[in-house]
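Colleague: Next one to model:
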Amino acid sequence: MTHQLTTRFLQRGTQGRIAYDVRGNGPRVVLVPGMGELRSTYRFLAPALTDAGYTVVTTDLRGHGESDASFSSYGDVDTAGDIAALLRELGPAIVVGSSMAAGSAVIVAAEHPELVNGLVLIGPFVRQPAANPLQTLLFRLLMARPWAAAAWKAYMPTLYAGAKPSDFAEYQRTAIASIKRPGYARAFSLTTRTDHVRAGESLAAVSTPTLVVMGEKDPDFKDPRVEAEWIAHTLKGTSVLVPEAGHYPHSQQPDLVSASILDFLRTVTTHA
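Modeller: As a prediction, the model looks like this:
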């Protein structure tokens, strides 16, 4: 089925705009990508949700894709502000957040529960992980402006452990080209410095229905199953472990993930 796609821009004060697309009709679902990703990371999930009768909104992070790179700050809290502003513009929705955007979605659900009807957290960073200071410093150096695009290009494939999308090479080229534009390497580099402290502090205040989706080979977590189950237990939600998938199961195993998310959405919208 073909759906009309409209790209819009949300003005965020005087600093810049956030790009987003809207397609379909029905209960609203907002899809937010993670750091270094574009809203086209949801190129498989968005049509499946639209075909199932949902209004689907896909948005770029600030400093990524078609959003502006003129902002002074980036990260979990800033993204949470952008999500909340978008929901105030469009109305309450179920929010799907990947990676750091999952932490941002948790913040919004805790601070603005009237805006969030449900949460889908994919490969979620929703608490500050224990980190080796040396490793943190090394990662920041690797993602610094002079070589940020090259470093991310080399690092991206490791995050897609398991089955890669058939169009991965094309998607990767587009994502790296986006970072290489003037001003965007700086924005990306600043985004990589985010922490997840506020998200962790927000968990206890979240009461919305929640689904956690985790790739069984997600390299960002020592034990993906344990992390998924801990988050689901903490948020009184449910979790799905996706085989042959790393940090981006929605594009690595789209059929399985779409089916799991649709099952969850039906439960949430029926309850609502």
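Colleague: How about the contacts made by I231?
Modeller: When the contact criterion is Cβ atoms under 8 Å, 6 or more residues apart in numbering, the partners of I231 are 121, 124, 126, 212, 237, 239. Every residue, glycine included, has its C-beta placed from N, CA and C.
Colleague: Was I right to think the second one contacts G103?
Modeller: Yes: the pair formed by P124 and G103 meets the contact definition of Cβ atoms under 8 Å, at 6.8 Å.
Colleague: Strands - which of the contacts of I231 land there?
Modeller: The strands, defined by DSSP state E, take in 121, 212, 239 from those.
Colleague: Please name the nearest non-neighbouring residue to the second one.
Modeller: I take that to be V212. Leaving aside its sequence neighbours, V212 sits nearest to S239 (Cβ to Cβ, 6 or more residues apart in numbering; 4.0 Å).
Colleague: which residues touch the helix or strand of the chain with the lowest mean pLDDT?
Modeller: Across the helices and strands of the chain, mean confidence by mean pLDDT, DSSP states H and E is lowest for helix 133-142: a mean of 71. Helix 133-142 is touched from outside by 151, 155, 192-193, with contacts defined as Cβ under 8 Å, 6+ apart.
Colleague: Which SSE is immediately downstream of that helix?
Modeller: helix 148-159 (DSSP states H and E).
Colleague: mind listing what's buried in that following helix?
Modeller: Using 16 or more other Cβ atoms under 10 Å as the test for burial, helix 148-159 gives 148-149, 151-153, 156, 159.
Colleague: I'd like these written out as TSV, with pLDDT and distance to F44 added.
Modeller: Output for these, formatted as TSV (pLDDT from 0 to 100; distance: Cβ to Cβ, whole Å):
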residue	pLDDT	distance to F44
A148	90	27
A149	93	25
A151	92	26
W152	94	22
K153	95	22
M156	96	17
L159	97	17
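Colleague: quick one: common contacting residues for P124 and G103?
Modeller: G97.
Colleague: picking up where we left off before, farthest-separated two in the contacts of I231?
Modeller: V126 and S239 (12.4 Å; Cβ to Cβ).
Colleague: Those two: who's more crowded?
Modeller: The residue with more neighbours, out of V126 and S239, is V126; 28 against 21, by other Cβ atoms under 10 Å.
Colleague: Quickly note the distance from the more buried one to V197.
Modeller: Counting by Cβ to Cβ, to the nearest Å, the separation of V126 from V197 is 11 Å.
Colleague: What of S166?
Modeller: Applying Cβ to Cβ to S166 and V197 gives a distance of 38 Å.
Colleague: of the two, who's got more company?
Modeller: V197 (13 against 8).
Colleague: Pull the contacting residues for the more buried one.
Modeller: By Cβ under 8 Å, 6+ apart, the residues touching V197 are Q128.
Colleague: Please tell me how far it sits from F168.
Modeller: 32 Å.
Colleague: Over to I261?
Modeller: I261 is 21 Å from F168, by Cβ to Cβ.
Colleague: More neighbours: these two, which one.
Modeller: Each of I261 and F168 has its neighbours counted (other Cβ under 10 Å); I261 has more, 24 against 16.
Colleague: does the nearest residue to P165 once chain neighbours are set aside sit in a helix or strand, and which one?
Modeller: In space, and not counting its chain neighbours, P165 is closest to S251: 4.9 Å by Cβ to Cβ, 6+ apart. Using DSSP H and E, S251 falls within helix 249-252.
Colleague: Same check on V22?
Modeller: Taking DSSP H and E as the definition, V22 sits inside strand 16-23.
Colleague: Following the chain past that strand, name the next helix or strand.
Modeller: strand 28-32.
Colleague: what sits up against that following strand?
Modeller: Contact with strand 28-32 is made by 39, 42, 45-46, 49, 54-59, 61, 79, 83, 86-87, 90-98, 101, 104-105, 265, as judged by Cβ under 8 Å, 6+ apart.
Colleague: Give the buried subset of those as a ChimeraX selection command.
Modeller: Burial among the contacts of strand 28-32 is assessed by 16+ other Cβ under 10 Å; the matching ChimeraX selection reads:
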select :39,42,45,46,49,54,55,56,57,58,59,61,79,83,86,87,90,92,93,94,95,96,97,98,101,104,105,265
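Colleague: Just the ones of the contacts of strand 28-32 in helices?
Modeller: Cross-referencing the contacts of strand 28-32 against helices under DSSP state H gives 45-46, 49, 79, 83, 86-87, 90, 101, 104-105, 265.
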